[in-house]
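Participant: next input, structure requested:
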Amino acid sequence: TAQPILGEARALLRELAPDVPVRTISPIGGTTKILLEECELSGLAVMGSRGRGALSRLLLGSVSQRLAAHAPCPVVLVPEDHAATSSRGAARVARVVVGVGDPPANTTVLECGMAVADRHRVPLLAVRTWQQPHAPLSELDDRFAPPAGNAYRTERDRYEKALLHDALGSARSAHPSVHVTARVRSGAPAATLTRLCHPGDLLVIGHQHAGRFYPPALGPAAAQIVHHARCPLMIVPVDIT
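Facilitator: Reported below is the predicted structural model:
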């Protein structure tokens, strides 16, 4: 039963990328376990991602979710309807969008995003988000004065922009040919990133690597982005220990 499916996949891959060596296997065992074992020897994993409705948000035990949470290599999740709107051989990355978090995780994520943008010769949009604090400002960071009107927003924007440009420094020097746009936005990370992305983009985010434990442990923002992203999503494992 598996061989005809693998044969079709091999034929399509030869059509899309005739110079890329292709190996097919059909092992017996748990899907997630086998894929995670393959990821140990791989630089990238690619999976389809189905459904974004209310029901799908409950199905966090899917293979793609488990792989994204526990794979030691970056995982790209391609929305099911993305392939349906692209003709064979025409689906290309138009832009790379990177969600930039806090150091040191941002270094790994930015390097992955820059490398993809450089390889595909497309621009990169680096996005950093922030939200209004739920505690008095003095308890969060003594570098800010207490908010007065729009003063807090102005100072916070300036601070976040400084962090973003500092994070982009080394990544830009390693990939000088990539055209980079930096943006800081106020709002929830998942909603902001998904709103900024177009179907032809590749969205790159980081995820604290949880190891091979079950159930899946995607963070709240990453889990929301998985379900709502309109474009392929690359989840980069980050070891911050």
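Participant: so what does the lengthiest helix in the chain touch, helix or strand wise?
Facilitator: Assignment by DSSP state H gives helix 151-174 as the longest helix of the chain. Packing contacts for helix 151-174, counted by 3 or more Cβ pairs under 8 Å, 6 or more residues apart in numbering; DSSP states H and E, involve helix 105-120, strand 124-130, strand 180-186. Bear in mind the C-beta positions are built from the backbone N, C-alpha and C, glycine included.
Participant: can you say which of those is nearest to residue 235?
Facilitator: Smallest distance to residue 235 across these (Cβ to Cβ): 9.6 Å, for helix 105-120.
Participant: now the angle from the closest one to helix 151-174?
Facilitator: 50 degrees (axes from the mean of the first three to the mean of the last three Cα atoms, to 10 degrees).
Participant: model confidence over helix 105-120, on average?
Facilitator: Helix 105-120 shows a mean pLDDT of 92.
Participant: where exactly do the strands run in this protein?
Facilitator: 45-49, 75-79, 95-99, 124-130, 180-186, 201-208, 233-238 (DSSP state E).
Participant: output those strands as TSV; include the columns mean neighbour count, distance to residue 111 and mean pLDDT.
Facilitator: TSV is the format used below for those (neighbours: other Cβ atoms under 10 Å; distance: least, Cβ to Cβ, whole Å; pLDDT from 0 to 100):
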stretch	mean neighbour count	distance to residue 111	mean pLDDT
strand 45-49	17	18	87
strand 75-79	21	16	90
strand 95-99	26	10	96
strand 124-130	22	11	95
strand 180-186	16	13	94
strand 201-208	24	10	92
strand 233-238	23	9	92
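Participant: check what pLDDT residue 17 gets.
Facilitator: The predicted local confidence for residue 17 is 88.
Participant: quick one: the strands of the chain as JSON lines, columns for distance to residue 8 too.
Facilitator: Listed next are the strands of the chain as JSON lines, based on distance: least, Cβ to Cβ, whole Å:
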{"stretch": "strand 45-49", "distance to residue 8": "15"}
{"stretch": "strand 75-79", "distance to residue 8": "17"}
{"stretch": "strand 95-99", "distance to residue 8": "30"}
{"stretch": "strand 124-130", "distance to residue 8": "34"}
{"stretch": "strand 180-186", "distance to residue 8": "39"}
{"stretch": "strand 201-208", "distance to residue 8": "25"}
{"stretch": "strand 233-238", "distance to residue 8": "25"}
